[in-house]
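quick one, fold the following:
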Amino acid sequence: MENIKLNDEFIKLGQALKAAGLVSSGVEAKIVIVNGEVKVNGETEYQRGKKLRDGDIVEFNGEKVVITG
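Take a look at the predicted model:
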């Protein structure tokens, strides 16, 4: 499980996937999100711009990423 440390109040889902190295580009992030392959806090998320805050957990392709403040 990887951690992403917030530099601001939030990070957007697409940015978090890219920062964690789970996708190689914003375009790839958009595709996997729209296809329903990403979960946030156990729920499938379809919004690339979903704001993630401290404590949120992102799951994709068997990997988990925790957002920390």
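
K30: neighbouring residues, count only.
For K30, the neighbour count with other CB atoms under 10 Å is 15. For the C-beta atoms, the positions are set from N, CA and C on the backbone; glycine is no exception.

would you map the strands across the chain?
Assigned by DSSP state E, the chain shows strands spanning 2-5, 11-12, 38-40, 43-44, 51-52, 57-60, 63-68.

report the spatially closest residue to E59, excluding sequence-adjacent ones.
Counting by CB to CB, 6 or more residues apart in numbering, the nearest residue to E59 once its immediate chain neighbours are dropped is K39, at 4.3 Å.

and A29, what does it touch?
13-15, 17-18, 23, 48 (CB atoms under 8 Å, 6 or more residues apart in numbering).

over to K51?
Contacts here follow CB under 8 Å, 6+ apart; on that basis K51 touches 10-12.

got phi/psi on S25?
With angles defined as degrees, to the nearest 10, S25 sits at phi -150, psi 170.

not counting sequence-adjacent ones, nearest residue to it?
Distance criterion CB to CB, 6+ apart; nearest residue to S25, sequence neighbours excluded, is K18 at 7.1 Å.

kindly report the same for K30.
Nearest residue to K30, sequence neighbours excluded (CB to CB, 6+ apart): R48, at 5.2 Å.

and if you look at Q47?
Setting aside the residues directly before and after it, Q47 is nearest to L13 in space (CB to CB, 6+ apart), at 6.8 Å.

likewise E45?
Using CB to CB, 6+ apart and skipping the chain neighbours, the partner closest in space to E45 is V38 (5.5 Å).
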